[in-house]
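J.: One predicted model, sequence on top.
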Amino acid sequence: MNAAQFEQFVNQYEKLVYTVCWQLVRERETALDLSQETFLSAWRSIDRCPAGHEKQWLGRIAANKARDYLRSGWNRHVNLSEDGSTPGLELPDRVPTPEMALAGSDGESALRQMILALNEPYKTPCTLCLLQGKSPAEGALLCGRPPGTFSAQLSRRRKMLQKQILERRAQDGSV
Amino acid sequence: MVLFDKKGCLTDQALDALNQGSLDELNRLEAAEHLAYCDHCMDRYTLMLSWQELETPPKPLGKAVRQSLWVRMMQSRLGRGVVACAAGVLAIGMWSSAETLLPLSGAATTPPERPAITAPAPRENWQDPPRTKAPEAAARAAIEKLIDSIKTTGGFQL
């Protein structure tokens, strides 16, 4: 595909790509930047675009761009937050992991219950790694998710579990 | 709202919510993570988008993408040009430094001194290596053996 043909390709699918980016990030300027990045990535690997599935192929690239943007934004937002109002607040280093915090006696069964009560996409990674002791690489392979996504989901949920445990302890202490 | 079903795929409700903009940031991140690898859900999502009016970007993307591609291509060519220039300058520098340094050491003007060649030892002192058997005698013996075998067997002995 030459440059002129690619420009036609961009004109044909720009609305679709922009809509995917906009619906995922909900910021006009960011969606525009991500759409542009999507087409630049598409140009580099245009030979791998499956004929007849251009929409899905471009949609996937756009979703990848939006995911990376949201993931970095989420991490920044979680790490910089200082008040307890933000969901997924980063906890101080002294705070033990959920497994350590609830180790022993009733703790293990409490952790098991918390994990089994989770919804997807977190239930499978947490069950495989926190309850069955699989490594993230093994877990990703078993549930058919990309290793990066699997690890990100596990890490994010782990932080949320830590927060839940702290809240539960605070409630128990106040009562 | 249930975002994922038991198989781990996005529910219809989640896709509608994504379309209507009612998902929060975390849910949008989870949806983006899933759409980035699940072909089935991406098919459903693009099909859903094909039934509705799509958003128009505030600026046309074709021109912006073309400009970005051009800038990247020029950066790449410029980078190669800079590397080529640096290599040329380095080569010229090395060549000129060799030109200036070699005459100073005297290596280029006067050839190095060669060791003197001594006369060979007299022929009487030479020793021939020991010979086991003369080649003519060995060949003659082999031919005689062959003739004998023809006489006794009436043919070649293999």
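T.: That came in fine, so what should we check first?

J.: Give me the below-cutoff pLDDT ranges for chain B.
T.: Applying pLDDT under 70 to chain B picks out residues B:101-112, B:121, B:125-133, B:154-158.

J.: Centre-most residue in it?
T.: The structure's chain B has its C-alpha centroid closest to residue B:80; by Cα atoms, centre = their mean the separation is 18.9 Å.

J.: helix or strand for that one, which one?
T.: Counting by DSSP states H and E, the element that carries residue B:80 is helix B:61-105.

J.: okay, now the domains of chain B?
T.: Dividing chain B into domains by automatic domain parsing, as the record does, gives the ranges B:12-50, B:64-96.

J.: Ok, which of these comes nearest residue A:51?
T.: Evaluated with Cβ to Cβ, the domains of chain B place domain B:12-50 nearest to residue A:51, the distance being 15.5 Å. (Glycine included, C-beta is placed from N, CA and C.)

J.: Any residue of that closest one touching chain A?
T.: Yes: where contact is defined by Cβ under 8 Å from any Cβ of the partner chain, part of domain B:12-50 touches chain A, namely B:18-19, B:21, B:25-26, B:28-37, B:39, B:42-43, B:45-46, B:49-50.

J.: So which residues of chain B form helices?
T.: B:12-20, B:25-35, B:39-50, B:61-105, B:135-153 (DSSP state H).

J.: wait, residue A:62 sits on residue A:17?
T.: Yes: A contact is recorded between residue A:62 and residue A:17 when judged using Cβ atoms under 8 Å, the distance being 5.0 Å.

J.: Quickly list what's touching both of these two.
T.: A:35, A:38 (Cβ atoms under 8 Å, 6 or more residues apart in numbering or on different chains).

J.: what about the two, which has more around it?
T.: The residue with more neighbours, out of residue A:62 and residue A:17 and counting by other Cβ atoms under 10 Å in any protein chain shown, is residue A:62; that gives 32 against 28.

J.: And the more buried one, how far from residue A:151?
T.: When distances are taken as Cβ to Cβ, to the nearest Å, residue A:62 and residue A:151 turn out to be 22 Å apart.

J.: for residue A:31, same thing?
T.: Between residue A:31 and residue A:151 the computed distance is 27 Å (Cβ to Cβ).

J.: Show me which of these two is the more surrounded one.
T.: Set side by side, residue A:31 and residue A:151 give different neighbour counts by other Cβ under 10 Å, the larger being at residue A:31 (26 against 17).

J.: Domains of chain A: list them as residue ranges, please.
T.: Each domain of chain A is listed here as a residue range: A:3-80, A:98-174, per automatic domain parsing.

J.: which one of those domains is the most hemmed in?
T.: Mean neighbour count (mean count of other Cβ atoms under 10 Å in any protein chain shown) peaks for domain A:3-80 among the domains of chain A, with a mean of 19.
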